[in-house]
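[1] heads up, no residue letters with this:
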């Protein structure tokens, strides 16, 4: 669990780097191969990382609909498709059924939402355990250049809080 969180943070940082770097060789074939591999590994580490990639798709679409951004979307989409195919194939090999989740009977509890607990609980809530997150959001709102991106990140965080709030073990403890 801790390693997948570290890999998710690293993958998000690499997607940010791939989005915001301004190098002349940015859109070379090697760059797009890197995006394919990054998105493949990112989804293999944790299925829900798909939503972070979709966040970048929205950003790329609204940033500027250029052929390069369309190629970014297709490259990451191909990586996602490969990851899902690998997961389905492996889970079918192991369990005998096509499933994207390898958790078996564990899953979502739709009648017991824990959205507020994910955000504010003393028992592994986001804000009490990582107060720097709240400071970063506030700093992003104060800085005019990053307001829109901060809003996107804040909405993505609320989505994850909602999603994990329905997970049977919302605090992700072992």
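    Yes, it's here. Please read all numbers here as calculations on a predicted model, not as lab measurements.

[2] When you work out contacts or count neighbours from here on, use the C-alpha atoms and nothing else.
    OK.

[3] Quick check: buried residues in the helix or strand of the chain with the lowest mean pLDDT?
    Across the helices and strands of the chain, mean pLDDT, DSSP states H and E gives its lowest value to helix 2-20, namely a mean of 70. By neighbour count on 16 or more other C-alpha atoms under 10 Å, the buried set for helix 2-20 is 7-8, 11-12, 15, 18.

[4] Please work out which residues outside the helix or strand following it touch it.
    Downstream of helix 2-20, the first helix or strand assigned by DSSP states H and E is helix 29-45. Helix 29-45 has contacts (C-alpha atoms under 8 Å, 6 or more residues apart in numbering) with 4, 7-8, 11, 18, 25, 49-50, 53, 71-72, 75-84, 87.

[5] what do you get for stretch 54-63?
    With contact meaning C-alpha under 8 Å, 6+ apart, stretch 54-63 is reached by 15, 69-70, 73, 152, 156.

[6] tell me the mean pLDDT over it?
    Across stretch 54-63, pLDDT averages out at 84.

[7] Begin at 30 from now on, thanks
    With 30 as the first residue, the last one maps to stretch 83-92.

[8] what about burial for the contacts of helix 58-74, which qualify?
    For those, buried by 16+ other C-alpha under 10 Å: 36-37, 40, 47, 78-79, 82, 101, 104-113, 116.

[9] For the residue in the chain sticking out farthest from the centre, what are phi and psi?
    Residue farthest from the centre of the chain, counting by C-alpha atoms, centre = their mean, is residue 125 at 28.1 Å. For residue 125, the backbone dihedrals are phi 80, psi 10 (criterion: degrees, to the nearest 10).

[10] Return the angle between stretch directions for the top helix by length along the chain and helix 58-74.
    Ranked by number of residues, the top helix in the chain under DSSP state H is helix 96-124. Angle, helix 96-124 to helix 58-74, by axes from the mean of the first three to the mean of the last three C-alpha atoms, to 10 degrees: 40 degrees.

[11] which residues touch residue 102?
    Counting by C-alpha under 8 Å, 6+ apart, residue 102 touches 86, 89.

[12] same thing with the one 5 residues further on?
    When the contact criterion is C-alpha under 8 Å, 6+ apart, the partners of residue 107 are residue 65.
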